[in-house]
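Colleague: below are the sequence and a predicted model for it; my questions follow.
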Protein chains: 2
Amino acid sequence: MNLFADIPRDLPEELVETLLQADHLRVERIVSHGHASPEGFWYEQEQHEWVVVLRGAARLRFEDGALEMQPGDCENIPAYRRHRVEWTTPQEPTVWLAVHYAREDEQRTMRENE
Amino acid sequence: MNLFADIPRDLPEELVETLLQADHLRVERIVSHGHASPEGFWYEQEQHEWVVVLRGAARLRFEDGALEMQPGDCENIPAYRRHRVEWTTPQEPTVWLAVHYAREDEQRTMRENE
């Protein structure tokens, strides 16, 4: 599997594929091409989401501001933090990797193995 | 945080940084620059690892073969599957994203939200 392969030329809707699924974890590839969240729509997810833009460009909107994202930019979005995809570039596909993971009340600190 | 930023010019050892840590989950950025696993050393990890090469080039060695990795190539390495990094290109830094996650006996299938 290559994250930059098999990107359809025509993308009427965002393409979301599950790459990995396990307990409390789901890794997705998301391909946007000029897509944005519907007007007035906000994500308000029960799981945390760690997201990175690998290609393209995007702008996330939070209630308290916006975040411009270029390739390599990553952001952790805690559960229930309202957000929307305000813009993705129409010039090329924007490839995201999203890691959805368990809510905070199910988390604990792991000690690093040295 | 940008995955392609803050890469030291001089890398005497692989650079491993934890980007995200939660219960049963650790996301790391790993930067290699010509590094390989020590001769005769094999990783044999208690956790699964999903790994993707974002820049550079690498070759993973398993007991039953090798895997050449270019940017975008990803691979799931089940817990206890012996592997080593046989080669990374000396020409530029190789940037990996590694998702370490819980062992199979702690997994269950999650039903996708439609």
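Modeller: Perfect, thanks for sending it.

Colleague: now the strands for chain A?
Modeller: Taking DSSP state E to define them, one finds strands in chain A at A:15-22, A:25-32, A:48-55, A:58-62, A:65-69, A:74-77, A:83-88, A:94-101.

Colleague: how near is the closest residue in space to A:Trp87 that isn't next to it in sequence to A:Trp42?
Modeller: Spatial nearest neighbour of A:Trp87, excluding adjacent residues (Cβ to Cβ, 6 or more residues apart in numbering or on different chains): A:Arg59 at 4.3 Å. Every residue, glycine included, has its C-beta placed from N, CA and C. Counting by Cβ to Cβ, to the nearest Å, the gap from A:Arg59 to A:Trp42 is 14 Å.

Colleague: contact residues of chain A facing chain B?
Modeller: Residues of chain A lying near chain B by Cβ under 8 Å from any Cβ of the partner chain: A:1-5, A:18-27, A:48, A:50, A:52, A:54, A:70-76, A:97, A:99, A:101-102, A:106-110, A:112.

Colleague: stretch A:29-49: end-to-end distance?
Modeller: 13 Å (Cα to Cα, to the nearest Å).

Colleague: buried set for that stretch?
Modeller: In terms of neighbour count (16 or more other Cβ atoms under 10 Å in any protein chain shown), stretch A:29-49 has its buried residues at A:29-33, A:35-37, A:45, A:47-49.

Colleague: and if you look at stretch A:51-61?
Modeller: Buried residues in stretch A:51-61, counted by 16+ other Cβ under 10 Å: A:51-58, A:60-61.

Colleague: so, low pLDDT: which residues of chain A?
Modeller: Chain A contains residues with pLDDT under 70 at A:103-114.

Colleague: tally of neighbours for A:Ala98?
Modeller: Other residues near A:Ala98 number 17, with proximity taken as other Cβ atoms under 10 Å in any protein chain shown.
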